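Trainee: From the sequence below, what's the structure:
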Amino acid sequence: MVRHVMPLPWFSPGTISFELLKGMPTALVALLAACLARWIAYQQYQVARARLNFDLFDKRYAIFEEVWRCMSDVVTTGPVPAYLSSPFDRFVPQATFLFGPEIEVYLRQASENLQEIWAISLRTKANHDVMPLADINRHRELLQWFLDEAQHGARRIFTPFLDFSRWKQFK
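Mentor: Now for the predicted structure:
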């Protein structure tokens, strides 16, 4: 005995359900394409964000390296002449945008200290290379400040802005 199966009335040719069912494969392919496009866009976003972080790190590190070198130079070779602009003043405009006000204040303090140590140096030269008694303690304090900053102070100030661990994503 052969049984004849009758189609369900809501899936009969010509019904809305039947037409919707015919379009299902196309809808699934479109959904898959949309998911793939979203995944690719997300990957591009991740790459762009990593590139921005790297570029920002690169610019910030260059300023840190120059500031550290200037601090070290003051201790090892002496201050640069005051008639030249302070090397720390060169970085203030960039530092304001790349770091914010904290580093700007730090660089201005370094510049003031450099100008002060240069003034002491000029008074010493004018006094036949004999440092005036009134300047000895302040000169020692300023040299110690530059030494401390060259050894670890500058690194401590700049580290929050150069912390690479926030950007590492190993997934």
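Trainee: tell me the mean pLDDT for the helix or strand that contains L32?
Mentor: Using DSSP states H and E, L32 sits within helix 24-77. Taken as a whole, helix 24-77 has an average pLDDT of 91.
Trainee: Would you mind getting the angle between the next helix-or-strand element following that helix and helix 24-77?
Mentor: Following helix 24-77 in sequence order, the next helix or strand is helix 87-98 (DSSP H and E). Counting by axes from the mean of the first three to the mean of the last three CA atoms, to 10 degrees, helix 87-98 points 160 degrees away from the direction of helix 24-77.
Trainee: Check which helices and strands helix 87-98 is in contact with.
Mentor: Here helix 87-98 touches helix 24-77, helix 101-126, going by 3 or more CB pairs under 8 Å, 6 or more residues apart in numbering; DSSP states H and E. Heads up, the C-betas are built off the backbone N, CA and C, glycines and all.
Trainee: Looking at the last one now, give me its mean pLDDT.
Mentor: In this model, helix 101-126 has an average pLDDT of 91.
Trainee: quick one: it to chain centroid distance?
Mentor: Centroid separation between helix 101-126 and its chain, computed with CA atoms, centre = their mean, to the nearest Å, is 27 Å.
Trainee: list the buried ones in it?
Mentor: 103-104, 106-107, 110-111, 113-114, 116-118, 120-121, 124 (16 or more other CB atoms under 10 Å).
Trainee: ok, and for the helix or strand F146 falls within, which residues are buried?
Mentor: Using DSSP H and E, F146 sits in helix 133-148. Buried positions in helix 133-148, judged by neighbour count with 16+ other CB under 10 Å: D135, H139, L142, L143, W145, F146, L147.
Trainee: Tell me the spacing between Q115 and L28.
Mentor: Look at Q115 and L28: by CB to CB, to the nearest Å, they are 72 Å apart.
Trainee: whoops, R108 was the one
Mentor: According to CB to CB, R108 stands 63 Å off from L28.
Trainee: what's the answer for P79, then?
Mentor: From P79 to L28 the distance is 73 Å (CB to CB).
Trainee: Next: R38.
Mentor: Distance, R38 to L28, by CB to CB: 16 Å.
Trainee: Check T96 too.
Mentor: Taking CB to CB, one finds T96 at 54 Å from L28.
Trainee: picking up where we left off before, how about TSV for the buried residues of helix 101-126, with distance to A48 added?
Mentor: Shown next, in TSV, are these (distance: CB to CB, whole Å):
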residue	distance to A48
I103	26
E104	28
Y106	31
L107	30
A110	35
S111	36
N113	40
L114	39
E116	45
I117	45
W118	45
I120	50
S121	49
T124	54
